[in-house]
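Novice: whatever this is, show me its structure:
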Amino acid sequence: MNEADVRERLADVQDPDLGGDIVSLGLVNDVEVDEGSDEVRVSLALGAPFSPHESAIADDVRAALADTGHDVALSASIPDELAPDEQVLPGVKNVIAVASGKGGVGKSTMAVNVAAGLSELGARVGLFDADVYGPNVPRMVSAEER
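Specialist: Residues are numbered from 1 along each chain as shown. Sure, this is the predicted structure:
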């Protein structure tokens, strides 16, 4: 088994979000076949960490290579092409946007609760309220300053 064989098998793995196979979509960063240890290492490019679809894709990759007799080692990375000085939010690893086309549906409440929950789990969080008509977040978190 070589890299071309592995990529051929991976061409059967579909990304449900992007609507195509992971090879032609460019989601396979690298493939290494180590015949000495009977291991295949596959590096995938992820769109978002911990996405339910990313876990399903990983399972599908393992299934596509299950009958090869090789152990499958998966790794994943999120593409980051921008230099630090070009980044809009340098040092920010993840952004969660809460939005709706309608007012009064609980966007601010949801954003505060997501931020509080992630903080309770140990994440460093920041919260930006872009509501120009009535910024409610400062009131919800009892903010005294910017």
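Novice: just the helices in the chain please.
Specialist: For the chain, the helices defined by DSSP state H occupy 3-10, 52-64, 107-120, 137-140.
Novice: helices and strands around the longest one, which ones?
Specialist: When contacts are defined as 3 or more Cβ pairs under 8 Å, 6 or more residues apart in numbering; DSSP states H and E, helix 107-120 sits against helix 137-140. For the C-beta atoms, the positions are set from N, CA and C on the backbone; glycine is no exception.
Novice: pull the helix it packs on out as PDB, backbone CA atoms only.
Specialist: The C-alpha atoms that make up helix 137-140 are tabulated as PDB, following Å, rounded to 0.1, in the frame of the first residue of the first chain:
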ATOM      1  CA  VAL A 137     -24.700  42.400  27.400                       C
ATOM      2  CA  PRO A 138     -23.100  44.900  29.800                       C
ATOM      3  CA  ARG A 139     -26.200  44.900  31.900                       C
ATOM      4  CA  MET A 140     -26.400  41.100  31.900                       C
END
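Novice: including mean neighbour count, distance to residue 46 and mean pLDDT, could the helices of the chain go into CSV?
Specialist: Converted to CSV, those look like this (neighbours: other Cβ atoms under 10 Å; distance: least, Cβ to Cβ, whole Å; pLDDT from 0 to 100):
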stretch, mean neighbour count, distance to residue 46, mean pLDDT
helix 3-10, 16, 15, 94
helix 52-64, 16, 5, 87
helix 107-120, 15, 19, 93
helix 137-140, 15, 30, 87
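Novice: in a markdown table: those helices, plus distance to residue 30.
Specialist: Below are these laid out as a markdown table (distance: least, Cβ to Cβ, whole Å):
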| stretch | distance to residue 30 |
| --- | --- |
| helix 3-10 | 9 |
| helix 52-64 | 13 |
| helix 107-120 | 31 |
| helix 137-140 | 42 |
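Novice: of these, which is nearest residue 93?
Specialist: With Cβ to Cβ, the closest approach to residue 93 among the helices of the chain belongs to helix 107-120: 11.9 Å.
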